[in-house]
Structure formats: structure tokens, C-alpha cells
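> Compute the structure for the input listed below.
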Amino acid sequence: MNKQADSKRDSLRSFLRNQLLLLTGFIVAGFASLILYIYVDALDIATRKGLLVIGAYYAQLHDEGSLDKTILESDEFSIFVGQENLPISVSLRFPENVFNNYELYKNRINSDEKQPGVSPFIMLTAMPIEKGERQLFAVYHFHNNTAVNTRPPVLETVLIASFVVFFILLAAVFWMARRFNRRVLEPMEALADMAHKADETSPVQAHPILQDRTEIGLVAHALKQAMERIHTFHQREKTFLQNASHELRTPITVVGSALDIIERRLAMGKQDISQPLLHIRQACVNMKETTEALLWLSLEAPPGDRQADQPPGQSLEKSPIKADDLQQILTELVDQLGYLIEGRKINVSISMNTQNIPLYDPALVRILLANLIRNAFEHTFEGQIDIDVNNSGICITDTGIGLSGDTNLVKRGQSGRDSFGLGLDIVSRIANRKGWKLTLNSNANGGCSATLNWAIRP
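Prediction:
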């Protein structure tokens, strides 16, 4: 529970909300302070300018001798010629004994100090007269009997306006946050959900975020493509391991049988172990070629990669396969896989009706033929197995159990017995990479025929 609470507190949504609220508060406070400062300062400037104009006018009249009074009073301002003529009610409210010319002086009486007939708020400025020897004072004040008897509630007005602006901005912030949440945060959460569900063992399925047309949608597509590539690599690695374990069984069995023979002969005092050693050496060569072929098969083939008619230099191995070589390969495979039909009444025949075989890559051919022969041996319990080779391909016919229903035996995992369904899948993959055609047909008298045509593309 605490973990979920911490996660929500540290989420981008909470961060964005808090930052927007802080920004709104700073903006409102800053503008309120600025407005208050500007308002008060502007009021002082306006009052000062007004008093200066009034004071300059009466100072000119005094210097010209046209002003015959030392005190002039009106509802909003008063004129006093000479500091000695300032009323005591005004002098006591300003502690200054000397007033600078053209400077504004302000004073406001607190509410508990108000007296009848005394102005609660006055402003004063001094003007030089008589060549600077004396001063004329212009005083701006509010009388109790006027319509405005106090200074306007500037602070209260600014606070009310600030609160109004704050709530307006707050509503705008929530509106912006909601739009940001819908356009950015929710797609990012969907992207995180898609990444969480992604697995290297299965490609990314259709996800709503893939329909997004923003940059987040582009990231989602890039993630999907990356996961598909990872899945492909994973599948190729898995396939290689399965193929290797499947294809290396025969040479490992040969090595084990040869070692058993060597051990028995040495125990009997016989020193003739050249034949078993030859079998071991041949099995090691087969394992090396098989491993190279499976590594080649596990590599990602470019689209349309078909190597049937390519020159030797672009194949897995440069040396071509002659008819004699192919017959030798078939003979070795029948001999090596003979343990599968040991004790059964089965006759195996090899027929070579060709002189020109357009084949390269002996390792791939050996793997392919080994799987077809192994499949025939495993599913035949008695009768005949014929291996016929001609210029266009090879056909292996058996009298075994045949094909079962609509089962796709070429599909990995569909074949029977202990082959794990890999043999025909490997044959099909090699045929597709080489541009050959593999067909499986049921025979009329039982059994099936596996035909590999290397002269016709599928």
C-alpha cells in the first residue's frame, strides 16, 4: 500500500499538478504585488504632480504679488505661505522640521486616533518662493464631511482581485493539466503498459497505443519492431538448439558405438581398432559440418534469398557434390542410421540414375538426407525402403505407417516417436532457403513417399 502511495506521489501526473499549482501561486502573488506597488506608486505620483501644479501656480501668484492671503483652503487642498502658517494639526503630523522642495510627504491617522474635524489622510509638498528664501506648502487632504473620507481601500481591492485572478488561473491550470494528461500522460501510461506486457518469447500483440499518431505512437511502433526482432532472435536461438540436439544424435551415437567396440577389442587383446577410429573421425567431421550448417540455417535470411542456382562462392561450401559423392553420403547415412531398424525385416535399396547433380553444400545435403532417411526408418517396421536419385531430385519411398489424417508433418512438433517433430521441419527450412521443393504423399499400398526436387522451385 505504501509502495503504491509513493508511486502515485512520484508520478508525472502529481509532479505536473504540483508544479502548475506552484507556478500559478507565484504568478498571482507576483502580479498582485506588482499591481499593488504600481497602484500605490501611481497614486503618489499623480497626487505629487497635482500638488506641484497647484503649488507652482500659487507660488507664482505670490511672487507676482497677486496673492494677498497666506492661507487658502478648499475641500480637497489647502495653500499655506510660509512654514509658520502651517496649522498645528498639520505640523504635528509630520516630524520633519525642514521640508525639501518638490518632495511628497504623506500621513494617515489610524482609525482609533481619528478626531472630529481633523482630516484622516493628508499629503504635503513644498514649493520655493521669494527666490528660495521661504516655502509655500500645498496640502491635499480629505475632510470628514466629504464624500470620500478615507483613503481608497487599495490593499483590499488588490487582494480581492488577486483571489479572483487566482481562481481563474487555477481553473485554467486544471483545464491545461487535463488536456496534458489526455494527450501525454495517458499515452505514456499506455506505452508503459505495452512495454510491461512485452515478452521476448512472444511478439507484441495489437495495442491501442499503436493507433496514436503522436511521437509516443512512433515510440510504441519502434518498441513493437524491437520486440519482434528480439522474438525472432529468440526463436532462431531456440530453433538452433533444438536442431543441434536433433542432428548431433547420430554422430554422437556413432562415436559412442565406436568407443564401445574399441573398448571390447582392447579387452580381448585385439589391436585392430582402425575401423572404429575411422568411424569416430568421420563422425567428428559430420558434427563439424552439421554445426556450421545449422549456424548458417539459424542466420536471418534476406527476403527472397534462394541459393539453388547461385555460384559455389556464395554457398555454404564451395565444393560441388558429384553423383559418387552423393551415393557415398547415402551409403554412410544408411549405415549410421541402421540401428533404428535393427531387428526389423526391412530391405533398404539405393538407386542412382544420374550423372549430373546441380548441388553444393555437402553439409546441408547430408542434414537434409539424414532427416528424410531417419523419418523413413522410424516409421517403417517391415517391408521395403527405396531411395531413388535422378537429375531433378530424390525420392524416398517406404512401406511404413504412412501419413495420419490432415496432420502437417512438416510443422515443427507434429512428427511422431522421439524425433520431437524436428526432422521434417529442418528439411523444409533448408529446402525453402535453397529454393527446393519438398512434398509428402501417401502410397496406394501403404507407407509414404518423400520427394525433394532441387530442379524446380516451390
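> Now do the same contact list for Gln135.
Gln135 makes contacts with Gly82, Gln83, Phe99, Asn101, Ala126, Met127, Pro128, Ile129, as judged by C-beta atoms under 8 Å, 6 or more residues apart in numbering. Just so you know, the C-beta spots here come from the backbone N, C-alpha and C atoms, and that holds for glycine as well.
> and Ile321, helix, strand or coil?
Judged by DSSP: H, G, I helix; E, B strand; the rest coil, the three-state class of Ile321 is coil.
> and it, what is it in contact with?
Contacts of Ile321 were listed using C-beta under 8 Å, 6+ apart, and they are Ile329, Ile357, Leu359, Tyr360, Asp361, Pro362, Val365.
> Looking at this structure, which helix is longest?
Scanning the chain for the longest helix, with DSSP state H as the assignment, gives helix 12-64.
> Could you list the paired strands of the next helix or strand after it along with their orientation?
Past helix 12-64, further along toward the C-terminus, the next helix or strand under DSSP states H and E is strand 71-73. The partner list of strand 71-73 in its sheet, established with DSSP bridges, is strand 77-81 (antiparallel).
> And the helices in the protein?
Listed in chain order (using DSSP H), the helices of the chain are 2-9, 12-64, 88-91, 154-180, 186-197, 215-247, 249-267, 274-298, 323-336, 362-378, 423-434.
> For Lys345, which of the ones you listed is the nearest?
Across the helices of the chain, Lys345 has its closest neighbour in helix 362-378 (13.3 Å, C-beta to C-beta).
> in the chain, which helix or strand is least confident?
helix 2-9 (a mean of 49; mean pLDDT, DSSP states H and E).
> Ile27 touches Ile168, doesn't it?
No - judged on C-beta atoms under 8 Å, Ile27 makes no contact with Ile168 at a distance of 11.3 Å.
> Tell me both backbone torsions, phi and psi, for Thr214.
For Thr214, the backbone dihedrals (degrees, to the nearest 10) come out as phi -90, psi -170.
> number of nearby residues for it?
Taking other C-beta atoms under 10 Å as the criterion, the count of residues near Thr214 is 11.
> Nearest spatial neighbour of it, chain-adjacent residues omitted?
In space, and not counting its chain neighbours, Thr214 is closest to Pro187: 6.7 Å by C-beta to C-beta, 6 or more residues apart in numbering.
> Correct me if wrong: that neighbour contacts Val219.
No - the pair Pro187 and Val219 does not pass the contact test of C-beta under 8 Å, sitting 9.3 Å apart.
> Between the two, tell me which one has more neighbours.
Applying other C-beta under 10 Å to Pro187 and Val219 shows that Pro187 carries more neighbours, namely 20 against 17.
> pLDDT at that one, what is it?
The per-residue pLDDT reported for Pro187 equals 77.
> How much space separates Arg433 from Ile357?
The span separating Arg433 from Ile357 equals 18 Å under the rule C-beta to C-beta, to the nearest Å.
> Might you list the low-confidence residue ranges for the stretch 201-350 of the chain?
Low-confidence segments of the stretch 201-350 of the chain, defined by pLDDT under 70: 201-205, 243, 300-319.
> again, only using 90
Across the stretch 201-350 of the chain, residues meeting the criterion (pLDDT under 90) sit at 201-258, 261, 265-329, 332-333, 335-344.
> do the same with the stretch 1-150 of the chain
Counting by pLDDT under 90, the stretch 1-150 of the chain contains low-confidence ranges at 1-51, 63-78, 83-99, 104-124, 130-133, 139-150.
> Could you pull up phi and psi at Ile321?
According to degrees, to the nearest 10, Ile321 has phi -100, psi 120.
> no no, Leu67
Backbone geometry at Leu67, expressed as degrees, to the nearest 10, gives phi -100, psi 110.
> Would you check that Arg134 makes contact with Phe80?
No - at 10.9 Å, Arg134 does not count as touching Phe80 under the criterion of C-beta under 8 Å.
> if you count what's nearby, which of these two comes out ahead?
Of the pair Arg134 and Phe80, Phe80 is the one with more neighbours under other C-beta under 10 Å, namely 23 against 16.
> For that one, which non-adjacent residue is closest in space?
Phe137 (4.4 Å).
> Specify the beta-bridge partners of the one you found.
Taking DSSP bridges, one obtains Phe80, Ala126 as the residues bridged to Phe137.
> That one and Glu84 touch, don't they?
No - when contacts are counted by C-beta under 8 Å, Phe137 is not listed as touching Glu84 (10.7 Å).
> who has more neighbours, these two?
Using other C-beta under 10 Å, the more surrounded residue of Phe137 and Glu84 is Phe137, with 22 against 9.
> check contacts around the spatially most central residue of the chain.
Taking C-alpha atoms, centre = their mean as the criterion, Val219 is the residue nearest the geometric centre of the chain, at 5.0 Å. Counting by C-beta under 8 Å, 6+ apart, Val219 touches Leu191.
> ok so, going back, Serialize the helices of the chain to CSV and add fields for distance to Glu76.
Supplementary listing: those in CSV, determined by distance: least, C-beta to C-beta, whole Å:
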stretch, distance to Glu76
helix 2-9, 59
helix 12-64, 9
helix 88-91, 15
helix 154-180, 18
helix 186-197, 63
helix 215-247, 65
helix 249-267, 114
helix 274-298, 100
helix 323-336, 122
helix 362-378, 111
helix 423-434, 104
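> For Ile387, which of these is the nearest?
When the helices of the chain are ranked by proximity to Ile387, the top entry is helix 323-336, at 6.0 Å, counting by C-beta to C-beta.
> now the closest one and helix 249-267, what's the angle there?
Taking axes from the mean of the first three to the mean of the last three C-alpha atoms, to 10 degrees, helix 323-336 and helix 249-267 form an angle of 70 degrees between their directions.
> in helix 323-336, what counts as buried?
Of the residues in helix 323-336, those buried by neighbour count under the rule 16 or more other C-beta atoms under 10 Å are Ala323, Leu326, Gln327, Ile329, Leu330, Glu332, Leu333, Val334, Gln336.
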